[in-house]
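> here is the input, now give the coordinates:
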Amino acid sequence: MMNFVVKTLANAGALGVAIWLLQDITLTGDSTGKKAWTLILVALVFGLVNFLVKPIVQLISLPLFFLTLGLITLVINALMLLLTSWLADQLGLSFHVDGFWTAVLGGLIISVVSWALNVVLPDGD
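Below is the predicted model:
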């Protein structure tokens, strides 16, 4: 359970950095508390998308992975971020990613920050 909480907080932190760095990834809310709560909920949605959908997409795109020497991973991460944005909109969360190239850059930022946070944060259950 602790590992789930740590990974969700790492995702929230990585999403927060992407929101802070890119003006086309937005998170709106009335107060800081509402924004923080929305960020945690979006991190949960992002985690579920990465857990349920991403492995299927990676399996289907395996030939492209070899053909592009792994660069298709950037596109897959961008698609997962766009799917998270769409799901957040459907759930009434005020998180939005505007455009594919923003999603590519956002996915890259989220991957790097999430990796760094997972290295620093504890990994016990």
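
> which ones are touching residue 61?
For residue 61, the contact set (C-beta atoms under 8 Å, 6 or more residues apart in numbering) comprises 72, 76. All C-beta spots, glycine's among them, are computed from the backbone N, C-alpha and C.

> and stretch 90-102, what's buried?
93, 95, 97, 102 (16 or more other C-beta atoms under 10 Å).

> can you tell me how far the residue of the chain most remote from its centre sits from residue 61?
Within the chain, residue 67 marks the point farthest from the mean C-alpha position, 24.9 Å out by C-alpha atoms, centre = their mean. Distance from residue 67 to residue 61, counting by C-beta to C-beta, to the nearest Å: 10 Å.

> average pLDDT across stretch 28-39?
Averaging pLDDT along stretch 28-39 gives 91.

> do the same with stretch 74-88
96.

> buried ones in it, by neighbour count?
74-85, 87-88.

> which parts of this protein are strands?
In the chain, the segments counted as strands under DSSP state E are 25-27, 95-97.

> out of those strands, which is closest to residue 4?
strand 95-97 (20.5 Å; C-beta to C-beta).

> count of neighbours near residue 112?
Residue 112 has 13 neighbouring residues, counting by other C-beta atoms under 10 Å.

> residues contacting it?
Residue 112 neighbours (C-beta under 8 Å, 6+ apart): none.

> can you list the strands of the chain in TSV and add distance to residue 53?
Output for these, formatted as TSV (distance: least, C-beta to C-beta, whole Å):
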stretch	distance to residue 53
strand 25-27	19
strand 95-97	16
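
> which stretch among those strands comes nearest residue 41?
That would be strand 95-97 among these, by C-beta to C-beta, at 8.5 Å.
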